[in-house]
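>>> with the sequence up front, the predicted model follows.
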Amino acid sequence: MKFSAVLDKVIGLASKVYDYYSAELPKRHPNYPLVNPGEETAPPPPEEGKLREFLETLSEETIEQLMLLLHIGRLEISADRIADDYEKSKSAYAGKNDAIAEMMYTAPLADYLLDAREELLKRKINIDKLPIAKVKVKR
């Protein structure tokens, strides 16, 4: 599956999760966005499980690329320095499971990924062929 198709699927599922919680949480918490102890929260939407399951099927390299885009979308890394900052992005989390957890708990995940995609498109960077350095290990 092309990275652009993976990105579209993650954005689609993450958008549905965000929209669900944006609609449901204010109904259940009178002082929303504050949540008081003991208040019943909304059950997770089915898309949340689908998003986690989908992310878990992806290769570590694809997860790394999604995290790179997340960091670009958060403005932690410049799209102009994508090749230079790829390793910096990877060092911000401890492996695939940590990266998935971070994405799952990033409420505006879809927005960050959309912003990153827009930045890459502005710079005419092919999303399916990100200019990221491959580190060669000497044996």
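Yep, that arrived. Residues are numbered from 1 along each chain as shown.
>>> show me the shaky parts of this protein.
Where the chain drops to pLDDT under 70, the residues are 133-139.
>>> helices of that one, residue ranges please.
Counting by DSSP state H, the segments of the chain that form helices are 3-28, 46-57, 60-73, 82-90, 96-104, 109-122.
>>> most tightly packed of those?
helix 60-73 (a mean of 21; mean count of other CB atoms under 10 Å). Where C-beta positions appear, they are placed from N, C-alpha and C, glycine not excepted.
>>> now do that one against helix 82-90, angle only.
Here the directions of helix 60-73 and helix 82-90 differ by 100 degrees (axes from the mean of the first three to the mean of the last three CA atoms, to 10 degrees).
>>> now helix 60-73 - C-alpha only, PDB.
The C-alpha trace of helix 60-73 is given here as PDB (Å, rounded to 0.1, in the frame of the first residue of the first chain):
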ATOM      1  CA  GLU A  60       8.000   0.200  11.600                       C
ATOM      2  CA  GLU A  61       9.200   2.300   8.700                       C
ATOM      3  CA  THR A  62       5.600   3.400   7.900                       C
ATOM      4  CA  ILE A  63       5.000   4.300  11.500                       C
ATOM      5  CA  GLU A  64       8.200   6.300  11.500                       C
ATOM      6  CA  GLN A  65       7.100   8.200   8.400                       C
ATOM      7  CA  LEU A  66       3.700   8.900  10.100                       C
ATOM      8  CA  MET A  67       5.500  10.200  13.200                       C
ATOM      9  CA  LEU A  68       7.700  12.400  11.000                       C
ATOM     10  CA  LEU A  69       4.600  13.900   9.500                       C
ATOM     11  CA  LEU A  70       3.100  14.300  12.900                       C
ATOM     12  CA  HIS A  71       6.200  16.300  14.000                       C
ATOM     13  CA  ILE A  72       6.000  18.400  10.800                       C
ATOM     14  CA  GLY A  73       2.300  19.100  11.500                       C
END
